[in-house]
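# Kindly generate the corresponding structure for this input.
(2 chains)
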Amino acid sequence: MHFPTYFLCVAFWVSCVLYCHSSAAQFTLLSSKQTGITFNNQLTETETQNVLQYEYFYNGGGVAVGDINNDGLPDLYFTGNMVPDRLYLNQGNLQFKDITQNSGISFGTGWKTGVTLVDINTDGWLDIYVCYSGNGEPYYRRNKLYINNKNLTFTEQAAQYGLDLPTHSTQAAFFDYDKDGDLDCYLMNHNIKDFKRFDAAAVKAMRDEFAGDRLLRNEGGKFTDVSAQAGIKGNPIGFGLGIAISDINADGWPDIYISNDYIEQDYLYINNGNGTFSDKLTESVGHLSYFSMGNEIADINNDGFPDIFTLDMLPEDNRRQKLLYGPENYEVYQNMVKNGFHHQIMRNMLQLNNGNGTFSEIGQLAGISNTDWSWAPLIADFDNDGWKDLFITNGYLRDYTNMDFMKFYADKELKAAQGSPTAMMDIVREMPSSQTQNYFFRNNGRLQFENKGKQWGFDQTFLSNGAVCADLDTDGDLEIITNNVNAEAAIYRNDAMARESNYLQVQLGNNFSAATYGAKVWVHTKETRQYQEYYPSRGFQSCMNTPLHFGLGKATVVDTLKIEWPNGKYELLCNIPAGQKLVVEPGKANKPSSPAKSTTHLFTAVTKDTVPFLHQEDDYNDFKRQLLIPTMLSYQGPHLAQTDVNKDGLPDLYIGGAKGQAGALLLGQKNGSWQTSPQPAFQSDLLQEDTGALFFDADKDGDMDLYVVSGGYAYLEQDVLLQDRLYLNNGKGKFTRAQENLPIDRSSDGCAKAIDIDKDGDLDLFVGGRVIPGRYPEPASSRILLNDGKGKFTDGTSQLAPFLEKFGLVTDAVVLDANKDGWDDLVVAGEWMPITVLLNHQGKLQNNQPANQSVGKSYGWWNKLVAEDLDKDGDLDIVAGNAGWNCQMKPTEKEPVTVVYSDFDQNEAIDPFVCYYIGEKSYPLVNRDEALNQVFALRRKFTTYASYADATLQEMFTPEQLKNASTLQATTFSSVVLENKGDGTFSPHELPVEAQFAPVYGIALLDIDKDGLKDLILGGNQTYTRIKLARMDATYGMVFRNEGNCRFAYIPQWKSGLAVKGDVRDITVVKNGPQTFLLFGRNNQSISSYLVNP
Amino acid sequence: MKWIVTCLLFISTIVAKGDIFSEPYVTKTDAQAYVQTLKKLTDVMVGDVTGPCAAARYYAYANMAAYEVIYQQARPAQYVSFAGLLKDYPGFSTVKPSQPINVELASLYAVVRAGEELLPSGFTLENARHQLVKEAGGNLSPAIIEASCAYADSIVKGIVKYAARDGYVKTSGYMRYTPFKEAGSWQPTPPGYMEAYEPHWGSLRPFLLDSATQFPPAAPVAYNQQKNSGFYKLAKEVQEVTSKLSQEQIHIANFWDCNPFFLNQKGHISFATKKISPGGHWMGITGIACTQKQLSLAETIRWHALVGITMSDAFISCWKEKFRSNRIRPETFINTHVDPDWRPLLQTPPFPEYTSGHSVVSSAVSTLLTTLAGENFAYTDITEVEFGVPARSFTSFKQAAQEAAISRLYGGIHYRDAIDNGLVQGKQIGNYVVQRLKLKQ
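Residues are numbered from 1 along each chain as shown, chains lettered A, B, ... in the order given. Sure thing, here's the model as predicted:
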């Protein structure tokens, strides 16, 4: 009786384990017993060989996959840093044979890094090119080229080909950059020594013999260095860790993306088609990874444009982030930018190709920005659903990049070691490794990814570096192979084909010819349109000479397959059955591709007779005044107000000035140009910062007067320069300031709106208070200014809307009769505020509960409101601009972003702590040093970074202190449309994902396609943020087509024609005769102007 | 006067458990006992990476606590009342022990407790405190120990309260420093490009000085990029001197480096190696002098307290000038205008150049110490040995101060006028302190 029970239990347990594993995981980690692959990139730290001698000691090895014996099965090559490389022959059924021993592969010394397979001698057999680096003598660093003897042996001949360079190489990529029919080579290198020079311009221009990258031109089988003449940089501060080749700008010529570690920025080399390249990084991307590692270029959103993905080292969890971050240093950051290193942030970056030469970096929105110390990205369709997924390797053997090590631990241990010469090495050797799980992200098809690592069977912790994917068992899905430090290489079998999903593999030719490099393949099914380019060197130190793999989801047939070869010829195949490997030959294609049709853009940038106004900010740094605030408040302009001031029938413009700059009145001219109208009254108020402007007839004399809102942050708390101004029009467009007509105010305001609140026939004003300078986020007061009918205003807040006292950080408001009672109501929004409906009850405003509840718990970082009848139902709907999703902070109702503030240390300064959820808990945004520098008392509480690393506010402050503190929250960062239900309530609709790329500050509505529905134009960005939050610059002005029912669809930039760079703070539509213009007011820049194409 | 004497006698009596001839409780020589106790605070400050200004401030208050205990309970002849002398100093005469106490224990206990209260990692001094009590247990009754500790606690509490109102806590609410754009202005320096250290230190309340600007140094040589200008020559001198340093000069530079945070960087590895601050160094010298002179505990505490106050005021005065003149460091200027490859021997500290802090402080403290110990007090300075720098011998404090000052030129982090004028500034402060304290010259 006992025995069977016991047996049953075990059987049940075993079957459960097996069952659970296979059902939960899409991948299965195979053992070396199963595969025969025992390669282990074992690192042995010695006194002469260690990370202090060679800082890339822990970068690991690469992998190459390709068919080296032409038997149809992909074979594997692993590089070992200190151990010999290994070559494994694929024998089918995921079993491999190690054939290194007698193959002619070197067993000698030398530090191996990247590996590339290439048929260098065009004999139809893959040869192997191995990169060398390390801190040894140049002789031991010469790269090796193993020529395939077609019998599983190889002969080293790098010197004969001119490829035996003694550079510190990371990886090589072969491609035909000059389209002369042979493969040239880009050799990516790095420095091994500290380069301590600080004159950036001179250093950048240097060419370093061993560290500089090289472009090597194939001249009849001999490779010649053409770097200098081709415009390839070779300076000693380039630390190349990732290379990708792709025709990024779709002009038929291969371009290059190089990831650089440390201070040197990445390179985006655009091929000029004449043998030279131009680095167009800074004009193409807003910001990039700082410590860029491996990279990948692939079309992530199936729009036909290759996107760029770079890896960095930002951890996912709060603890490791807090251990990693030191104090933010704005001077260092500004110096970096000033010295031409562009904006670099420690984060993975997904640069979405807009198809017009610009990229929108949306890694945070996509959910793939924080993957710790990462090496190789693999972008491929692993679940065969038609959308490319993302696999990322990570890990680092000695985790010394934490602040405690830097500030405390190393010194303590060094002192304990009492001057031992190997002390530092011994200390490093004792450091634990950062063994984190590799990341596996599934693409949801809507620009967002879900981490499936655990679910798909990647819950082991490895220190993984180079990686490839390939259909090793030829069953129609992609296996994953990683090269691991101090562990056997990992082979993950993909079990996707056990499920119902189809695929098509496209093999480009049978003989690895140069003519296949750069081939573009489009696969269209009913459900998806996919695009891939063929360049084998990918990821990190790795190479994949394998067929292009397309997942097809449920489709059993590919409707059309288009292959465009680099010679410009293309081939079109139709109705291809799924589930096969299709071989296409470059020679067969004979259709010359017609030049790409130029699309007609919706808008054309105006370059002549542009708006003669340049917004100019002084560089005040708000964080110097309040160390802990999330974004700056000094950069709110320019705002645009439009009317006809001189009654000539042409539109005129007031553009608000920054502090120290007068606002400008521009008179519209018949020919569509603008003329500045001198206004001494504006000039004398130049010290004020204009944060809003409103034309209205204040004194009922039949012309448009101007109310200018004074705001900003670079002022005293009760500064006289915060006084708003009323300028009266003499009827001919000449303005004088009516000093006496406004009550005295000392409030930094955000907006002013005209509303006849008391229905006495004149226009009264709502003025929204934005911030109390120096005391963020204490609530500011808003107010109602009552018009006496002659343009003289008195403060009516206490009678009509007393609750506006300390109402909050108001940014904008709209006026509409929400409940159709004939009295104009107000809808107000702000930072840390909900969208609030204030119903007008017979001249008194009420904070109306039902109306507000209809909007939902809409606490946000609202920037802008615009009212318009979007669904043509006769009432006004509202478009509301919020902070967007492309941010580390992603508030929800359950997990809000909060700011808790108080004068915790009683030094008469507000201490605001922004907190947001990372995982289960809400942690302070700021790192230890920043918190301690704001509240000195915390120094005693958190004497190490580790002690602060898990701290929430509950650990930082006493219950008493927290009880006395105030809290504001944001529950959503989504920009939305509020559909007016006609009864004073609103129903919110999220705008499309593209509208969430960046904070929205400018909203315009215009029926572009003349379908009777107003379409939507959004502008925004916020580049004045904490360094950790970093620039939000992913929008270039976006157009959304009104699909009816308050639903909108994004129109891509390459169709809309918009490419507005910078921080847009306002948009206005100007009609001048038959012409319609879009004007984008950009902070600290010119007004960007676009003509609406007829 | 008569009252004080009576009182003293009374206290001595109770201190010695009624037996005036019994073994004193402090078994090491009195000076050593104090020096070793204070060193524990120094070690915590090194670990915490306490900067030069903050270190001087902590030393001032910690020593002051011990001083106050002695002053209130023993009134030695050399002691003066800090109340009425130091700005805003609170009176402690109303603080009374509940029972008889041991003054020596209470004073040692006070300095440790002050460290615990003031220093960020003060909690690590807990063991040192327990050790003190444990050692006292062999000689003193539990009641006396308890009363001594309680009394010291109440004095420390008052001192901490006094410290809390010196303007330091307010500095976290002030505008953060932004380097100026004008040519010749200080810029952050390699390798860490750290932000300016304590730009508002000049706003702190000095102890003895009327104000931070009471002794303004002579104006610095005006900034000028021209090759024949005085300023260019100053920079050129730094470059030339540092290009041919003798072993002796290198030793001198390293000996007075006193960099609490030397940043080592190699790829992704960066780590700090830490030393005592200039204030810590001079506290060490004070300790050496007291030990060498075999001073009593009370006298040792007096010397340390006065040195602490002096250096603290010297830093306030110097920092006021540093962030008034905002002068560019030699490293920035030389790299931009003379030689991009030039590196100073020492790491440039993260604050403006003029005047040299080490010069001001060394000069001020040496002036005071000379008054206390006499001219030509020869000693061997071993404070840097634990940081791997061999000892140096001096014939007087003034010689040491001169050497500390010129070491900044050898180190490549100061121009000569910042050193020379800094010495004058420090001497004026030192003399003023001596005068205010009515010390015999």
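
# can you count the residues close to residue 160?
Picked chain A for this. A:Gln160 has 15 neighbours, counted by other CB atoms under 10 Å in any protein chain shown. Just so you know, the C-beta spots here come from the backbone N, C-alpha and C atoms, and that holds for glycine as well.

# that's the wrong chain, I wanted chain B
The local packing of B:Val160 (other CB under 10 Å) involves 16 other residues.

# excluding its backbone neighbours, what's nearest it?
Residue nearest to B:Val160 in three dimensions, not counting chain neighbours: B:Glu117, with 4.8 Å by CB to CB, 6 or more residues apart in numbering or on different chains.

# Next, the contact list for that neighbour, please.
With contact taken as CB atoms under 8 Å, 6 or more residues apart in numbering or on different chains, B:Glu117 is in contact with B:156-157, B:160.

# same deal with A:Asn302?
A:386-387, A:445, A:528-531.

# can you give me the strands in chain B?
All strands of chain B, identified by DSSP state E, fall at B:262-266, B:269-273, B:379-381, B:392-394.

# what's the least confident stretch among those strands?
Lowest mean pLDDT within those: strand B:262-266, at a mean of 85.

# I'd like to know which elements that strand is packed against.
Here strand B:262-266 touches strand B:269-273, going by 3 or more CB pairs under 8 Å, 6 or more residues apart in numbering or on different chains; DSSP states H and E.

# Partner strands of the strand it packs on and their direction?
According to DSSP bridges, the neighbouring strands of strand B:269-273, each with its direction, are strand B:262-266 (antiparallel).

# Could you list the residues in contact with the strand it pairs with?
Against strand B:262-266 from outside (CB under 8 Å, 6+ apart): A:52, A:55, A:194, A:410, B:191-192, B:270-275, B:347.

# pLDDT value on residue 362, please?
Picked chain A for this. Reported pLDDT for A:Ile362: 98.

# look at chain B instead
Value for B:Ser362, per-residue pLDDT: 98.

# Tell me how far it lies from chain A.
From B:Ser362 over to chain A the distance is 25 Å, taken as CB to the nearest CB, to the nearest Å.

# What is the burial count for that residue?
Counted by other CB under 10 Å, the residues lying close to B:Ser362 total 32.

# which residues does it contact?
With the criterion set at CB under 8 Å, 6+ apart, B:Ser362 makes contact with B:278, B:282, B:400-401, B:404-405, B:423, B:426.

# Can you give me the distance of it to B:Thr124?
B:Ser362 sits at a distance of 29 Å from B:Thr124 (criterion: CB to CB, to the nearest Å).

# Check A:Glu296 too.
49 Å.

# Mind checking which of these two has more residues around it?
More crowded of A:Glu296 and B:Thr124, by other CB under 10 Å: A:Glu296, with 28 against 17.

# beta partners of the nearest residue to that one once chain neighbours are set aside?
Distance criterion CB to CB, 6+ apart; nearest residue to A:Glu296, sequence neighbours excluded, is A:Pro377 at 4.4 Å. In this entry, A:Pro377 is beta-bridged to A:Ile392, by DSSP bridges.

# Quick one: which of the contacts of A:Asn302 is the most crowded by neighbours?
Neighbour count (other CB under 10 Å) singles out A:Gly386 as the most crowded of the contacts of A:Asn302, with 24 neighbours.

# what sits against the closest residue to chain B within the stretch 951-1094 of chain A?
Proximity to chain B, evaluated over the stretch 951-1094 of chain A using CB to the nearest CB, is greatest for A:Ile1027 at 12.4 Å. A:Ile1027 is in contact with A:328-330, A:333, A:345, counting by CB under 8 Å, 6+ apart.

# What does the pLDDT read for it?
For A:Ile1027, pLDDT reads 93.

# Tell me which helix or strand it sits in.
Using DSSP states H and E, A:Ile1027 maps to neither a helix nor a strand.

# Narrow the contacts of strand B:262-266 to just the buried residues.
When the contacts of strand B:262-266 are checked for burial by 16 or more other CB atoms under 10 Å in any protein chain shown, the buried set is A:52, A:55, A:410, B:191-192, B:270-275, B:347.

# Sketch out the low-pLDDT regions of the chain for me.
You didn't pick a chain, so chain A it is. A:1-25, A:194-198, A:498-499, A:594-597 (pLDDT under 70).

# I was after chain B.
Scanning chain B for pLDDT under 70 picks out the ranges B:1-28, B:441.

# can you pull the buried residues of the longest helix along it?
When chain B is parsed with DSSP state H, its longest helix is helix B:297-325. Buried residues in helix B:297-325, counting neighbours by 16+ other CB under 10 Å, are found at B:297-323, B:325.

# from the buried ones among the contacts of strand B:262-266, which is closest to B:Arg176?
B:Gly192 (17.0 Å; CB to CB).

# What sits closest to the closest one if chain neighbours are left out?
B:Leu263 (4.6 Å).

# measure the one you found to A:Asp411 for me?
Counting by CB to CB, the gap from B:Leu263 to A:Asp411 is 11 Å.

# and for those two, which residues touch both?
Common neighbours of B:Leu263 and A:Asp411 (CB under 8 Å, 6+ apart) are B:271-272.

# Out of those two, name the residue with the larger neighbour count.
Neighbour tally, B:Leu263 and A:Asp411, criterion other CB under 10 Å: the higher count belongs to A:Asp411, 22 against 17.

# Quick check: phi and psi at the closest residue to the more buried one other than its chain neighbours.
Distance criterion CB to CB, 6+ apart; nearest residue to A:Asp411, sequence neighbours excluded, is B:Lys274 at 4.8 Å. Dihedral pair for B:Lys274: phi -120, psi 140, per degrees, to the nearest 10.

# my read: B:Lys274 touches B:Cys258, true?
No. At 10.7 Å, B:Lys274 does not count as touching B:Cys258 under the criterion of CB atoms under 8 Å.

# How about the one residue sitting closest to the centre of chain B, nearest residue that isn't a chain neighbour?
Taking CA atoms, centre = their mean, the centroid of chain B lies closest to B:Gly279, which sits 2.9 Å from it. Of all residues not flanking B:Gly279 in the chain, B:Ala56 sits nearest, at 3.9 Å (CB to CB, 6+ apart).

# and what of A:Glu908?
B:Gly173 (5.9 Å).

# now swap in A:Val118 and tell me
A:Phe174 (4.6 Å).

# wait, is that neighbour part of a helix?
No. With DSSP: H, G, I helix; E, B strand; the rest coil as the criterion, A:Phe174 is strand rather than part of a helix.

# Could you count how many residues lie near it?
A:Phe174: 25 neighbours (other CB under 10 Å).

# Against A:Tyr129, how distant is it?
From A:Phe174 to A:Tyr129 the distance is 8 Å (CB to CB).

# Cheers, nothing more for now.
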